[in-house]
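A.B. asks: any chance you could fold what I've pasted below:
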Amino acid sequence: MLKVALTQTFPGFSLDIAFEAPAGVTALFGASGAGKTTVVNAVSGLARPDRGRVVAGGAVLLDTAAGVCVPPHRRRIGYVFQEARLFPHLDVRANLMFGARYAPRDATGPDFAKVVEMLGIGALLGRRPATLSGGEKARVAIGRALMSRSRVLLMDEPLAALDAPRRAEILPFLERLRDTGLPVLYISHSVAEVARLADTIICLERGQMRAAGPAATVLADPGLADLFGAAEAGAVIGARIAGPEADGLIRADTAAGPLWLTEAPATPGTAVRLRVHASDVILSRERPAGLSALNILPGTIQRIEEDAQGRAWVQVALGPGEALLARITRRSVGALGLAPGVACHAVLKSVALAREDLGEGR
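C.D. replies: Numbering: from 1, shown residues only. Purely as a prediction, here's the structure:
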């Protein structure tokens, strides 16, 4: 568990934030200038706030009231930057072992073999950074941070410098890292990355904490649609792969019923999380018939928030802790008589559930 409380005043900007980051990935989400990097720099010890307290794994790393400020090299916090920052004169093995130099003898964490296996870098050990792709460099940088047996891992937009194919290459490795249980503080302004990786989301806006909570709850909140943007807003729901059907579609079972996917892991029992864009959800009071859409889930209207553009953001509860977000017009809300407590059906296109919006793991 990582506990953070920080206050910092800059010209024209004030940061005031307090949160707890449990095991798994806690995403700091917000627009550029929201204060995300200021937070991780304070946690790492690269910057000292006006007032603050940082506790990681029960160890007090910063307490300005008590005069405690542990130096960065003694905090046991791994930091992965946007650029890999590997040592060019060392091969991959030596870069990884450099991180191990800072691991206390009694510290727990993955050993060399486990790190290499988890990140899929066994074939790279004898190569120099100049011969690696962007995605390979990113994986090695993560491995070096893990080899230091950190209490917490900080990741400052580690995929920002990569193109789409390289991001797609490294996301599965980040999913494996998330599921190890190590607390990871992950900075991003990409809704897609946050939806796929985060267990917890902290939403920052001009240095203030606008929302915090489990990813499924925050992403499905109709009151936060403006923060994520009309084109990117959407929810995340959990599912478990049942297996492929005779016609090639893959069945995934959710809390509200089955979904049929065109691209997904084919192994039965695999846990997945699906990002569903609000713009890809159609609502109906009755279960529709005569449609080409296969994915129809029953639910109950939970909340409705309207905006100045004539849109309505509708939260549809599917089951305990599971909800979809639909973007429709205010006129449709009135025509259908939608209100909290009203039963409805959410219609999703199979083709809208794209592979890049499907992640493995919890």
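A.B. asks: wait, residue 291 sits on residue 347?
C.D. replies: Yes. With contact defined as CB atoms under 8 Å, residue 291 counts as touching residue 347 (6.9 Å). Any C-beta I mention is one placed from the backbone N, CA and C, and that applies to glycine too.
A.B. asks: and those two? Which one has more around it.
C.D. replies: The residue with more neighbours, out of residue 291 and residue 347, is residue 347; 19 against 11, by other CB atoms under 10 Å.
A.B. asks: list the contacts for residue 185?
C.D. replies: Contact partners of residue 185, counting by CB atoms under 8 Å, 6 or more residues apart in numbering, are 2, 21, 26, 28, 39-40, 43, 152-155.
A.B. asks: again, only this time at 6 Å
C.D. replies: For residue 185, the contact set (CB atoms under 6 Å, 6 or more residues apart in numbering) comprises 21, 26, 40, 154.
A.B. asks: out of the residues you listed, which comes closest to residue 311?
C.D. replies: Of all the contacts of residue 185, residue 26 has the smallest distance to residue 311: 29.7 Å, by CB to CB.
A.B. asks: show me what the closest one is bridged to.
C.D. replies: Under the criterion DSSP bridges, residue 26 forms beta bridges with residue 185, residue 200.
A.B. asks: how about residue 241?
C.D. replies: Applying DSSP bridges, one finds that residue 241 bridges with residue 252.
A.B. asks: you'd agree it is up against residue 270?
C.D. replies: Yes. Residue 241 is within contact range of residue 270, at 4.3 Å (criterion: CB atoms under 6 Å).
A.B. asks: of the contacts of residue 185, closest to residue 89?
C.D. replies: Residue 89 lies nearest to residue 154 out of the contacts of residue 185, by CB to CB, at 25.3 Å.
A.B. asks: could you pull up phi and psi at that closest one?
C.D. replies: Note on residue 154: backbone dihedrals following degrees, to the nearest 10 are phi -100, psi 130.
A.B. asks: mind listing the strands for the stretch 201-350 of the chain?
C.D. replies: Using DSSP state E, counting those that start in this stretch, the strands of the stretch 201-350 of the chain run over 208-214, 234-244, 250-254, 257-261, 271-277, 281-284, 295-306, 311-319, 322-329, 343-348.
A.B. asks: can you tell me which of the ones you listed is nearest to residue 15?
C.D. replies: Checking those against residue 15 by CB to CB gives strand 208-214 as the closest, at 8.0 Å.
A.B. asks: and the helices in this protein?
C.D. replies: Ranges of helices in the chain, per DSSP state H, are 36-44, 92-100, 112-119, 134-147, 164-178, 191-197, 215-219, 225-228, 330-336.
A.B. asks: any idea which of those scores lowest on pLDDT?
C.D. replies: Mean pLDDT across the helices of the chain is lowest at helix 164-178; the value there is a mean of 83.
A.B. asks: who are the contact partners of residue 20?
C.D. replies: By CB under 6 Å, 6+ apart, residue 20 lies in contact with residue 3.
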